[in-house]
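> generate a structure from the sequence data that follows.
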Amino acid sequence: MLRLCGAAGASLLLPAPRARARAVDLVTRLRAAAATGAAVSLPAGEISLMGLDLPDGTILRGVPGRTILKLSGVGPLLSAKMARRITLEGLTLDGAGGVVGKDKGLLDFSDVASLSIRGCAIRNSAGHGVSLTRCGGVVAQNEIARAGDAGFHALDGIGLDIDGNHLRDCADNGVVLRASAAGRYEGARVRNNIVENVRNRSGGNGPYGNGVLIWGASGVSVERNRVSGCAYSAVRNNAGHSVSVIGNLCRDFGEKAMYAEYGAKNAVFRDNRIENAGAGIAVANADHGTDGALVAGNTIIGMKPNRPDPEFGPDMLWLTGVLVEKNAVVVGNHIVGPGWIGVALGGWRENLRAEANDVANVDYGIVFATGEGAGAATIVGNHIRANKAAVIASAGMTFFPDDLTRPNAKSWPGVTLRGNETG
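As a prediction, this is how the structure comes out:
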C-alpha cells in the first residue's frame, strides 16, 4: 500500500497551477499502485486538484470525513474512461465553486466495468454529483449533497447497485437512471437510500424535481427507500419496462407521488406508503404506449391540492389515490383522503380490475371511464366510504350521478360490479 506524504490534519490547498501539478503527481502514484494491485491512502487534510483522470485499477482511500479533495478550476474532479476497476473509499469530494460542464458530474466515469464508490461525501457540484455512462458496480453508503443538477445520474448502466446513500438538496433530481433507447435492459437496484429536498430548478412539467427518475431503462427495482420533500414525484418511470417500485416510504410531494407514463410497460407498485402528495400513483398515457401494471398493497394518505404547474388540475386527476388505464390490476390498497377519487379506471379503459381496496374519506370511491372503445373493467370486493358516491361512471370530466352500488342501479357494458361494501 502506498501512502502520500503529508502530516495528518495538514492543509494542502494549492493555487490552480499547483493543483494541476498535484493531480499529475497523484496519477503517477496511482498508476504505480495499480500495477501491483495496491491502494493509495491519503492522509487527513485538504488537497486542491484540477481534473484527476484515474488510471485503471485505482484504489483510492481517505480518512472518512477528514480527507478532502477540492476542485480547483474546471472539473470533473475525478474521472475515468475505459477501465476495468476503480475503487474510491472514505473521501470527501467537494466542488468548491469549480466549473462542471453540462451533463457532467463532479465524479464522472464512463465505460468502467466495476466501479465502487463507498463511504464518500460528494458535495457542492455545479452539475451532477456522480455521473456514470455505461458503468457497472456499486455506489453505497455515500452522502451526496447540494448538486446543481441530479445527485446521481447514470446512462445505460450495467446492473448498478445504488444502496444506502443519502441524497439531499439537489437542484433537479435525486437519482436518475436513463437508457439510450426505451426498454434497454439496465437491471439497476436503487435500495435503502434516503432522498430528500429535491427542487425543480430547470422547470418543465415532470422531467425535474423527482426523487428517483427512470427514463427508458428496463429491469430496475426501487426498493425500501425513504423519499421526501420533492417538487414533483417520489418515483417517476417514463418509458421504463418492468420497473418495480416496492416498499418505499414517501412523504411531501408537489405532484403525483409515483408515475408510470409515456410507454412504461409492466410496472409494479407494491407495498409503498405515500403521505401528503397532490395524488398517489398514476399509470398513465396509454395513448402513448403505457401498458400493464400491478398496483397492490399500497397505503396512500392525505392528498393535498398542490399546483406545481398550471396543467396539474382536475383533468390530470389530482387528489386521486390510484389511476390506471390499460391491462392493470389495483388490489389491496388502503386509500384515505381527504381526496377527490380513490381509484380511477381511466380514459383508455382496457382490461382493468379493482379488487379488495379500502377507500375512505374521498368524494368518489371508484370512477370508471365510459365511451367508444372502452373495454372490460371488474370492480369487486372493495370497501368504500365515500362522501358523494361509492362507484360511478364518467365520460371525460363529466361524472354521472348514479351510485352503481345501490339497488337497481344502471349496468354498463363490459363492467362487472360485485361484492362491494359501502358505508
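> from now on I want contacts and neighbour counts done on CA atoms only, so please keep to that.
Fine.
> tell me which residues of stretch 164-183 are tucked away?
Going by neighbour count (16 or more other CA atoms under 10 Å), the buried part of stretch 164-183 is 164-179, 182-183.
> keep only those of those that are in strands.
Mapping the buried residues of stretch 164-183 onto strands (DSSP state E) picks out His166, Leu167, Arg168, Asp169, Cys170, Asn173, Gly174, Val175, Val176, Leu177, Arg178.
> and those as CSV, adding distance to Thr422 and pLDDT?
Shown next, in CSV, are these (distance: CA to CA, whole Å; pLDDT from 0 to 100):
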residue, distance to Thr422, pLDDT
His166, 43, 99
Leu167, 43, 99
Arg168, 43, 98
Asp169, 44, 98
Cys170, 44, 98
Asn173, 41, 98
Gly174, 41, 98
Val175, 41, 99
Val176, 42, 98
Leu177, 42, 98
Arg178, 44, 98
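> residue ranges with poor pLDDT in the stretch 251-400 of the chain?
307-316 (pLDDT under 70).
> show me where it has its strands.
Per DSSP state E, counting those that start in this stretch, the stretch 251-400 of the chain carries strands over the ranges 256-261, 265-270, 273-275, 279-283, 291-296, 299-301, 320-331, 334-355, 358-369, 377-380, 383-395, 398-399.
> now do the shortest one: distance to the chain's middle.
So the one you mean is strand 398-399. Offset of strand 398-399 from its chain centre (CA atoms, centre = their mean, to the nearest Å): 34 Å.
> for the longest one, same thing?
Strand 334-355 has its C-alpha centroid displaced from the chain centroid by 23 Å (CA atoms, centre = their mean).
> walk me through which strands that strand pairs with, and which way each runs.
If you go by DSSP bridges, strand 334-355 pairs up with strand 299-301 (parallel), strand 320-331 (parallel), strand 358-369 (parallel), strand 377-380 (parallel).
> now do the first one
The partner list of strand 256-261 in its sheet, established with DSSP bridges, is strand 235-238 (parallel), strand 279-283 (parallel).
> any idea which of those is most buried?
Comparing the strands paired with strand 256-261 by mean neighbour count (mean count of other CA atoms under 10 Å), strand 279-283 comes out on top with a mean of 30.
> run through who's touching that strand.
Surrounding strand 279-283, the residues in contact under the criterion CA atoms under 8 Å, 6 or more residues apart in numbering are 255-261, 274, 290, 293, 300, 303-304, 317-325.
> possible to save the strands of the stretch 251-400 of the chain as a markdown table with distance to His153?
Output for the strands of the stretch 251-400 of the chain, formatted as a markdown table (distance: least, CA to CA, whole Å):
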| stretch | distance to His153 |
| --- | --- |
| strand 256-261 | 19 |
| strand 265-270 | 21 |
| strand 273-275 | 24 |
| strand 279-283 | 24 |
| strand 291-296 | 26 |
| strand 299-301 | 28 |
| strand 320-331 | 28 |
| strand 334-355 | 33 |
| strand 358-369 | 37 |
| strand 377-380 | 39 |
| strand 383-395 | 41 |
| strand 398-399 | 42 |
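> adding distance to Ile281, write the ones in strands among the buried residues of stretch 164-183 out as TSV.
Listed next are those as TSV, based on distance: CA to CA, whole Å:
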residue	distance to Ile281
His166	24
Leu167	23
Arg168	23
Asp169	24
Cys170	23
Asn173	19
Gly174	19
Val175	19
Val176	19
Leu177	20
Arg178	21
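> for this protein, which residue is closest to the average position?
Val212 (0.9 Å; CA atoms, centre = their mean).
> work out for me the element it sits within.
Using DSSP states H and E, Val212 sits in strand 210-215.
> what packs against the helix or strand following that strand?
Reading on from strand 210-215 to the C-terminus, the next helix or strand found by DSSP H and E is strand 217-218. With contacts defined as 3 or more CA pairs under 8 Å, 6 or more residues apart in numbering; DSSP states H and E, the packing partners of strand 217-218 are strand 184-185.
> so what touches the strand it packs on?
Here strand 184-185 makes contact (CA under 8 Å, 6+ apart) with Asp156, Gly216, Ala217, Ser218, Gly219.
> buried among those residues? Make that a ChimeraX selection.
Buried residues among the contacts of strand 184-185 (16+ other CA under 10 Å), as a ChimeraX selection:
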select :156,216,217,218,219
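> returning to what we had before: ranking the strands of the stretch 251-400 of the chain by burial, who's on top?
By mean count of other CA under 10 Å, the strands of the stretch 251-400 of the chain have strand 279-283 as the most buried, with a mean of 30.
> got the angle between it and strand 265-270?
Relative orientation of strand 279-283 and strand 265-270, computed by axes from the mean of the first three to the mean of the last three CA atoms, to 10 degrees: 150 degrees.
> quick one: strand 279-283 to chain centroid distance?
Worked out by CA atoms, centre = their mean, strand 279-283 lies 14 Å from the chain centre.
> and if you look at stretch 144-157?
Computed by CA atoms, centre = their mean, the chain-centroid distance of stretch 144-157 equals 11 Å.
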